[in-house]
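A.B. asks: Next input, structure requested:
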Amino acid sequence: MSRKKIVVGMSGGVDSSVAACLLLEQGYEVIGATMELWQEARTAGDGCLGLSAVSDAEKVAAYLGIPHYRIDFREVFREKVVDYFADSYLRGETPNPCIACNRHVKWEALLSWAREMGADHIATGHYARIDTLPSGRLAVRSSVTAAKDQTYALYRLTQEQLSRTLMPVGAYTKEEIRETARSRGLPVAGKPDSQEICFIPDQDYAGFITRYRGLPSGEGDFVDREGNFLGRHKGIIHYTIGQRKGLGLSMGRPVFVTEIRPDTGQVVIGEAEDVFTDTVYCTGIQYMALAEFPEDKVFSGKVRYGHKGSPCRVRMTGPDLLECRFLEPVRAVTPGQALVLYDGEYVAGGGTIVRKPRRA
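C.D. replies: Numbering: from 1, shown residues only. Okay, the predicted model is just below:
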């Protein structure tokens with residue numbers, strides 16, 4: 001009887017390396033695949049896209065005795081992730097490129113390639129689990145380790161994508177994964193985690209967007225809520241909701257970015273309390289654990305990756321417009337980020353946060 005063939009997305013890090021190792025031990029025919037995503041990464045030494053990442057993935061694959069391929073996904077990555085990232089900032093939003101990359105590249109494009117290789121599934125090193133619910137729907141379930149849980153960035157995966165995915169790392173803590181790597185002798189057992197956005201290793205988002213789009217700085221006005229002039233700013237791509245540092249304003253007290261107006265180029269400044277809201281609107285609604293969102297149900301809603309989640313209720317106010325009301329105000333709700341709804345440990349669904357609709 002032939003073994004099930006599975007493609008493991010290998011970034012050269014310890015998590016995806018252990019994922020490949022565990023699946024090999026479970027009897028799968030494992031194929032390692034490292035995705036080339038960004039042109040500039042070919043000359044980079046570190047980071048998840050650098051040459052060291054490819055080299056490390058190749059070393060692990062050789063150590064495990066599995067085939068390894070480098071796949072050129074640069075075109076789809078530029079279109080679906082980098083263009084989206086730059087355009088979103090220019091619209092006065094703060095995007096999460098990992099969510100777009102997961103949906104369109106690490107799953108959609110990789111699954112297509114895996115099918116060509118005759119593979120049954122793909123696997124990743126994400127800290128999350130996939131369960132089949134009593135309803136028959138598939139859902140991403142929180143990792144056993146809250147400190148590393150990555151379910152927030154996976155809410156846009158479809159039922160088809162989930163049905164062809166394994167996430168073996170989600171059943172372990174980070175310490176257990178590192179110990180597994182050490183005990184198996186994997187050459188990346190001590191490799192540190194990558195923290196930055198992969199295609200902007202210096203974290204200068206504004207500088208990257210300016211160079212990438214070939215645009216001038218786009219200076220504009222700081223104003224208060226009533227539109228009164230407070231000073232000049234460097235350009236809306238330098239700011240995000242809730243930001244306090246780096247404003248360059250002498251107000252005699254801490255002030256915060258409360259709104260970004262791309263149409264006028266204005267950045268609105270307010271007090272600490274102005275950064276809180278109890279109502280959030282979303283579009284691009286994606287369902288996962290649930291096929292619809294009951295209005296009488298209390299979910300836990302996360303408005304950013306690092307948000308622990310707060311109780312909320314939701315209702316659809318249009319064909320693709322969701323209104324979420326938190327039981328207590330939440331801080332720094334930012335257009336472009338995702339609102340991810342949890343039903344217990346499971347991702348129920350979510351959407352992209354937008355500015356308050358005029359008629360809502």
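
A.B. asks: Show the subsequent helix or strand relative to the longest helix seen in the chain.
C.D. replies: Longest helix in the chain, counting residues (DSSP state H): helix 51-64. As assigned by DSSP states H and E, the chain's next helix or strand after helix 51-64 is strand 68-72.

A.B. asks: Averaged pLDDT, that next one. What do you get?
C.D. replies: Strand 68-72 carries an average pLDDT of 96.

A.B. asks: From residue 190, how far out is residue 276?
C.D. replies: The spacing between residue 276 and residue 190, counted by C-beta to C-beta, to the nearest Å, is 42 Å. The way it works is simple: take the backbone N, C-alpha and C, and place the C-beta from them, glycine included.

A.B. asks: same deal with residue 337?
C.D. replies: Distance from residue 337 to residue 190, by C-beta to C-beta: 33 Å.

A.B. asks: more crowded one of those two?
C.D. replies: residue 337 (26 against 10; other C-beta atoms under 10 Å).

A.B. asks: pretty sure that one contacts residue 99?
C.D. replies: No - Residue 337 is beyond contact range of residue 99, at 9.1 Å (criterion: C-beta atoms under 8 Å).

A.B. asks: Which of the residues in the helix or strand hosting residue 183 are classified as buried?
C.D. replies: Residue 183 belongs to helix 174-184 when elements are defined using DSSP H and E. Residues of helix 174-184 classed as buried by neighbour count (16 or more other C-beta atoms under 10 Å): 174, 177-178, 180-181, 184.

A.B. asks: Closest to residue 117 out of the residues you listed?
C.D. replies: Closest to residue 117 out of these is residue 184 (24.6 Å), distances taken as C-beta to C-beta.

A.B. asks: how would you label the closest residue to that closest one other than its chain neighbours: helix, strand or coil?
C.D. replies: Spatial nearest neighbour of residue 184, chain neighbours left out: residue 21 (5.5 Å); criterion: C-beta to C-beta, 6 or more residues apart in numbering. Under DSSP: H, G, I helix; E, B strand; the rest coil, the three-state class of residue 21 is helix.

A.B. asks: which stretches of the stretch 151-300 of the chain form helices?
C.D. replies: For the stretch 151-300 of the chain, the helices defined by DSSP state H, counting those that start in this stretch occupy 159-163, 174-184, 205-213.

A.B. asks: now the angle from the longest one to helix 51-64?
C.D. replies: Looking back up the chat, that one is helix 174-184. Between helix 174-184 and helix 51-64, the angle comes out at 60 degrees (axes from the mean of the first three to the mean of the last three C-alpha atoms, to 10 degrees).

A.B. asks: Can you name every helix or strand that helix 174-184 contacts?
C.D. replies: helix 14-25 (3 or more C-beta pairs under 8 Å, 6 or more residues apart in numbering; DSSP states H and E).

A.B. asks: What of the shortest one?
C.D. replies: Where contact means 3+ C-beta pairs under 8 Å, 6+ apart, helix 159-163 is packed against strand 138-142.
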